[in-house]
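Q: predicted structure and sequence below. I'll ask about it afterward.
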Amino acid sequence: MIKTRFAPSPTGMMHIGGVRTALYAYLVAKKNNGVFSLRIEDTDRNRFVSGATEDIIANMRWLGLNFEEPPIIQSDRKEIYKQYANELVKEGAAYEKDGAIWFKMPQTGQLKFTDLIGNREVVFDLKDQKDFVLLKSDGFPTYHLAHVVDDHEMETNPVIRADEWMSSVPKHILTFQALGWEVPEYAHLPLILGTDRSKLSKRHGAMGVSEFRKDGFLPEAILNYMALLGWTPPGDKEIITLEDMIKAFSLKDVHSTPAVFDITKLEWMNGEYIRKSQISKLKSQIWEYLMEISGEALAKVEHPTEDEIEKVIPLIKDRIKKLSDFVPLTDFLWEKPEYDKAQFEKLVPSGVEGVNIKDQKDVLGKIMEKLEAMEKPWQAEVFEKTFRDLADETGLKAGDVFQLIRVAVSGQTVTPPLFESIKILGEDEVVKRVAYLIALW
RNA sequence: GCCGCGUUCGUCUAGUGGCCUAGGACAUUGGGUUUUCAUCCCAGAAAUCACGGGUUCGACUCCCGUACGCGGUACCA
């Protein structure tokens, strides 16, 4: 039976880099019909961040990386570690000093192990090793003891963790052996780097999973993108479902090279997921997203209803990369826009003889007349012909006329398709807005 | 300093001795479709495979060294 685990320490919120570690561990377990679990490594009381454990659990759920319940909390197991530390002292493999229990490292010989990543044999000279603390004077274990005890009791195999642990392998293997336990296999995942090529961390910006969530990223896209940082699915499709990842994944195909986290590609991939998403699914995702961020800066508009969201989805699906893009693209549909005269100045068509900013108001007046004269409900063909004719009359390009209508109706130069947006707003509201603009001018 | 790991387009990568004068994706450039923006389609630029030695008929692929990068070197994880 294959058992893997994700073992973050709650010294901060769930980090995007941890997602890949968790994902690979999850994939290995599922691929082998094994068990995936979560362990919270909260043995450092000084660095403990309140709320971090909850954040980790919530984000694991959100990502769909389901673990066996309940998560193991190391601080609950203090006595167990102490017992094993004492046992090692009794056997002479460890000793007490300054209130802590230290593991006695042998000073001669070598220690070899084969890492599952790249199948590389790594050799350490034991003469470079130093004694290390197993149990701190506050009674809590260090990572080294806790890892050995927990992964033995949980029967974790293989141990999948970040590369920064590679140097500690001699400590771990020797501890397993001193306790008379079987040594698990290890897979040390290469680090994920920021654009400056140092280990990805806070100073590279907001890297908490929650922050990506608030920014409108989809869990599927995050998982898919992170999977690609060090692993390539078979074939040439980069977009791959979790289920297909499970089928195709193997640790032996994972690279040993650190990868730079590139948010631009994540954004592209998120857009891909949005584009191929079913309307009903996207609708609930946007709805839930708006609910979640309400109260925060982005939610400056009244929430559209679920029905309203559903109606506009076909119009915006190809135009948003993140759920958060929904708001600025559509808020004019739910509330009256604020008009900015500078917008209109930019609309003055260049190269059209005799047309200037002052004429825009006249054109707007003509647009108003045409709108009022048009039979309701407005038809797309009629609408289009009407304003193409107006363009001919005024000597403007059709595109300029439509753009003027667009800004008049939305206050923006970029919107979903004009006619469809107008239909959502309703004829009366459109006329009202144009009239309001003319009065305002 | 010492120990460990790593090194193919800007980024993620394909590549396991000849198929590679190095392929794909993102980004980027140009063009097409389009009443905006996107989407979509087409085309292009982009890596002397870190460098130097080997091994071999032949190396991006194997070996050694150097450089550089990163990680570790805590009673942090």
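A: Ah, there it is.
Q: what about residue A:212, distance to residue A:221?
A: Distance of residue A:212 to residue A:221, given as Cβ to Cβ, to the nearest Å: 9 Å. Every residue, glycine included, has its C-beta placed from N, CA and C.
Q: now residue A:422
A: On the measure of Cβ to Cβ, residue A:422 and residue A:221 end up 32 Å apart.
Q: point out where chain A drops to low pLDDT.
A: A:295-302, A:342-359 (pLDDT under 70).
Q: what about the strands in it?
A: Ranges of strands within chain A are A:3-6, A:35-40, A:68-73, A:94-97, A:100-103, A:110-115, A:120-125, A:132-135, A:159-162, A:186-189, A:192-193, A:259-260, based on DSSP state E.
Q: the first one vs RNA strand B: in contact?
A: It refers to strand A:3-6. No - using Cβ under 7 Å from any atom of the strand, strand A:3-6 stays clear of RNA strand B, coming no nearer than 11.6 Å.
Q: for that strand, which residues meet the burial criterion?
A: A:3, A:4, A:5, A:6 (16 or more other Cβ atoms under 10 Å).
Q: pick out whichever of those residues sits closest to residue A:202.
A: Ranked by distance to residue A:202 (Cβ to Cβ), the buried residues of strand A:3-6 are led by residue A:6 at 20.0 Å.
Q: distance of the closest residue to the closest one other than its chain neighbours relative to residue A:250?
A: Nearest in space to residue A:6, with sequence neighbours left out and distances taken as Cβ to Cβ, 6 or more residues apart in numbering, is residue A:22 at 3.9 Å. Distance, residue A:22 to residue A:250, using Cβ to Cβ: 17 Å.
Q: when the two are compared, which one has more neighbours?
A: Taking other Cβ atoms under 10 Å, residue A:22 and residue A:250 do not tie; residue A:22 has more neighbours (28 against 12).
Q: ok, now which ones touch the residue nearest to residue A:6?
A: Counting by Cβ atoms under 8 Å, 6 or more residues apart in numbering, residue A:22 touches A:6, A:8, A:60, A:63, A:65.
Q: mind listing what's buried along stretch A:260-280?
A: Neighbour-count burial for stretch A:260-280 [16+ other Cβ under 10 Å]: A:261, A:263, A:266, A:267, A:269, A:270, A:271, A:272, A:273, A:274, A:277.
Q: cross-check the residues you listed against RNA strand B and keep the overlap.
A: For RNA strand B, the contacts drawn from the buried residues of stretch A:260-280 by Cβ under 7 Å from any atom of the strand are A:271, A:272.
Q: residue A:388 reaches residue A:399, doesn't it?
A: No - between residue A:388 and residue A:399 there is no contact under Cβ atoms under 8 Å: 10.1 Å.
Q: neighbour count for the two, which is higher?
A: Neighbour count, other Cβ under 10 Å: between residue A:388 and residue A:399, residue A:388 has more, with 14 against 10.
Q: so what's the more buried one closest to, chain neighbours aside?
A: Among residues not flanking residue A:388 along the chain, residue A:398 sits closest, at 4.9 Å (Cβ to Cβ, 6+ apart).
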